[in-house]
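Undergrad: structure here, sequence nowhere to be found:
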């Protein structure tokens, strides 16, 4: 399990461990006490990569936090889309961290986070076998959520709409 947040100085911080969330005293402590405007929490059901801290979400690259649920195959092809420098940020063995490295590379190439996400997901969806690419990507004060393919449910809790939660359709959350 892992929890990521942005410090009051807007730096990404994370605490993660290859333990169940209910077994981690740090997870419970941080979940109750950390003050931040943006959080990313993840409970991993390992499908790719061993049970090590390097494979636990959320991941951090270029002042962003990332968590993923699903499976993206084609590791060798995905690696071929990255330079050696872009691969240097990958410390674990998961498809998730490799997808994040590619997203990060596309964001840098395009100079815009949304455009980078759209291009990276388009290419991944077109060229790789994808079981599911459900993800959260956070920058200080900004959060992107994606469910792919659209047949997956996306649950949203929106404070602006009174905190009502539930599955939303393809058009997205109101507001």
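TA: Happy to help now that I have it. Computed from a predicted model, the values in this text were never measured in an experiment.

Undergrad: correct me if wrong: residue 5 contacts residue 33.
TA: No. In this structure, residue 5 is not within contact of residue 33 by C-beta atoms under 8 Å, at 10.8 Å. (C-beta placed from N, C-alpha, C; glycine too.)

Undergrad: out of those two, which sits in the busier spot?
TA: Neighbours per residue (other C-beta atoms under 10 Å) separate residue 5 from residue 33, with residue 5 holding more: 23 against 7.

Undergrad: without its sequence neighbours, what residue ends up closest to that one?
TA: Leaving aside its chain neighbours, residue 5 sits nearest to residue 36 (3.8 Å; criterion: C-beta to C-beta, 6 or more residues apart in numbering).

Undergrad: then residue 31?
TA: residue 3 (6.0 Å).

Undergrad: hey, what's the one you found bridged with?
TA: In this entry, residue 3 is beta-bridged to residue 15, residue 41, by DSSP bridges.

Undergrad: whichever helix or strand residue 119 is part of: which residues count as buried?
TA: Here residue 119 sits within helix 113-127, counting by DSSP states H and E. Within helix 113-127, the residues scored as buried using 16 or more other C-beta atoms under 10 Å are 113, 116, 117, 119, 120, 121, 124.

Undergrad: and the next element down the chain from it?
TA: Using DSSP H and E, the helix or strand that follows helix 113-127 in sequence is strand 134-139.

Undergrad: list the strands paired with the helix or strand following that next one, with their directions.
TA: For strand 134-139, the following helix or strand on the C-terminal side (DSSP H and E) is strand 142-146. Here strand 142-146 has these sheet partners by DSSP bridges: strand 134-139 (antiparallel).
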